[in-house]
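Student: what's the 3D shape of this:
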Amino acid sequence: MNQNEYEQALVKVKEKIRLAEGTDMQERMEEQIRQWFLECREANDVFPEFPSVEEGGSQWLFKLKPPELLAQEEEERIAAERRRKEKELRESGKKIEIEKRKKREPEGWFMSPSAFIQDLTDENWRNRDESTNAFQRHDEEIIKNDKRAQLELEIRAHVDDLMRQELRNLKIAIDGQRQKRINKRKVKKPKVKRKKGGLKDLTKDRTLESVYEELVIEDVVKKPQNVNLDQYYGEYSYLGTTLKESMIEPQPSLSDVKQLVTLYGILPLGSPDVHARASLTRSILLAGPSGTGKKMLVHAICTETGANLFDLTAENIMGKYTGKEATRLLVNMVFKAARLLQPSVIMVDQCEKMFGKKIPKTDKTDPKRLRRELPRAVRTIKQGDRILLVGCTHAPFDAKVKPFCKLYDRIILLPRPDYASRYLIWKVVIVKNGGVLTDALDISSLAKVSDGYTMGMMDRACKEVLTERRLALLDKAPLAASELIVPLSRMDPVFLEEEEAYKKWYRKTPLGRKKMKAIEEASVSQKKTAKPRHK
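Tutor: Sure, this is the predicted structure:
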């Protein structure tokens, strides 16, 4: 019964569309083709040749421009026209008129559509069996879309015949040309352009095994430490939303750092499907004070994804592959092995020295030797290459901002732990080093006193206190918070001045400037929309 209704609907809907939209379709197609005639004549002083039936007719003219692109071009044209009018008004001094004409943009951040929605739809709904559902009838809107496309092809074939004849008449009337026999166009083979910026393989005559063996011998290939991302302890910033509502930018938490490392590092490297669909991230920069776990995160990325680890730190390659040609060979070998043995992570510690403003004469590592070859090699990473450059720095403000930020696509600031994270870290590191959590150990007070100290400092304090002798006495003398404060007092914490230096540097980066601009605009907008208080 439903099948018969569906077949009848196919015929009825098509005829309904033909009567309602057929004339408009034909007029629209004719107008587009005539516009193409005029544009070609204006550009070349002659009328064009109409595409043959084999080439697809007039459909060939517009197939390179999908509706989305045409809509985008229309929006750009409207925006350009609006800017031109605003300029004229600005020159005439009519600033109030400009403000009225400007469209107010929606505030806030909007999440872009996920690339995996279509897969979920196909898996759950496209092949769903509805054969036993008697109430499942046809959807007329879906039929309309299909039949509208079929009808458009039929009308286009008719329009093409009319426009070919019209083009012949135009050529005779305007150009004085007689219709010549139209030969089939010869399809020219596209010229193969030489790729620019690609890495020339300097080891064509060598096998992958020999290249990898040499990198292992030279200690460029490292064995990653068995560290999981779960071992990077940190809590969420529960006050973040409240601070944002008060127009105060909250400090990122250690949990935010884990989330970003997962998003930009682990997921693209660990899953080829995610890497193919997500935006390409060639490199990330981990910037933060000493002891915040930058190297730990690098090893966690390798452990979670099973990636190879290549260490191009200046100190690690000091005295190896010296000279311009040898340095180029080193980078070439590393990226060749990394590309053939994906996933791969290339680490550069103290990477700020590569673009340092001033290198001390006592530094014999020659940190600037890779400043040209490494960015050139990173640019060759394409979609599908599961290769990630990870830079670690505790002094990003010592580097030149422009080339430094140009090399790294993403910048992740590693802050000093907040109270919630310190509370969690103390509990974990004490137990990890053999300690026992008792009522005599005031973790809350310890977390408050240790403000400014990093995860590494807390771990070192536990190691100093929880010796074998002290562990043996835990049953008689439980661990107290005062014991852990003593070794902490001998360490230098992350002072507020140092933390402010990181924030100041981040505001100079391209992303930081955009973020500050967005905050300022939101603040101004909120002040304008705020209602005045009644006295």
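
Student: so how far is stretch 311-318 from its chain's centroid?
Tutor: 28 Å (Cα atoms, centre = their mean, to the nearest Å).

Student: likewise for stretch 510-528?
Tutor: What separates the centre of stretch 510-528 from the centre of its chain is 21 Å, taken as Cα atoms, centre = their mean.

Student: quick check: mean pLDDT of that stretch?
Tutor: Averaged over stretch 510-528, pLDDT sits at 76.

Student: now it: buried residues?
Tutor: residue 512 (16 or more other Cβ atoms under 10 Å). Quick note: C-beta positions are derived from backbone N, CA and C, even for glycine.

Student: and the helices in the stretch 151-300 of the chain?
Tutor: Taking DSSP state H, counting those that start in this stretch, the helices of the stretch 151-300 of the chain run over residues 208-217, 240-245, 254-261, 267-270, 272-277, 294-305.

Student: and those helices, which one averages the lowest pLDDT?
Tutor: With a mean of 70, helix 240-245 has the lowest mean pLDDT of the helices of the stretch 151-300 of the chain.

Student: could you look up the SS state of residue 345?
Tutor: Here residue 345 takes the strand state, with states given by DSSP: H, G, I helix; E, B strand; the rest coil.

Student: need the contact list for it.
Tutor: Neighbouring residues of residue 345 by Cβ atoms under 8 Å, 6 or more residues apart in numbering: 269, 298, 301, 302, 305, 307, 308, 309, 310, 387, 388, 390.

Student: for those residues, give me JSON lines that also has distance to residue 222.
Tutor: Formatted as JSON lines, these follow (distance: Cβ to Cβ, whole Å):
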{"residue": "269", "distance to residue 222": "16"}
{"residue": "298", "distance to residue 222": "10"}
{"residue": "301", "distance to residue 222": "13"}
{"residue": "302", "distance to residue 222": "9"}
{"residue": "305", "distance to residue 222": "15"}
{"residue": "307", "distance to residue 222": "11"}
{"residue": "308", "distance to residue 222": "9"}
{"residue": "309", "distance to residue 222": "5"}
{"residue": "310", "distance to residue 222": "7"}
{"residue": "387", "distance to residue 222": "16"}
{"residue": "388", "distance to residue 222": "15"}
{"residue": "390", "distance to residue 222": "13"}
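
Student: for the chain, give me the ranges with low pLDDT.
Tutor: Filtered on pLDDT under 70, the chain yields the residue ranges 1-2, 61-74, 89-111, 130-131, 133-135, 175-200, 241, 244-245, 247, 528-535.

Student: tell me the domain ranges of it?
Tutor: As given by automatic domain parsing, the domain ranges for the chain are 2-102+136-175, 208-413, 419-489.

Student: deepest-packed of those domains, please.
Tutor: Highest mean neighbour count among the domains of the chain (mean count of other Cβ atoms under 10 Å): domain 208-413, with a mean of 18.

Student: ok, residue 397 touching residue 504?
Tutor: Yes: using Cβ atoms under 8 Å, residue 397 makes contact with residue 504 at a distance of 7.5 Å.

Student: OK, contacts around the nearest residue to residue 413 once chain neighbours are set aside?
Tutor: Nearest-residue entry for residue 413: residue 287, 5.6 Å, with adjacent residues in sequence omitted and distances by Cβ to Cβ, 6 or more residues apart in numbering. Residue 287 sits next to 393, 394, 396, 411, 412, 413, 414, 502, 505, 506 when contact means Cβ under 8 Å, 6+ apart.
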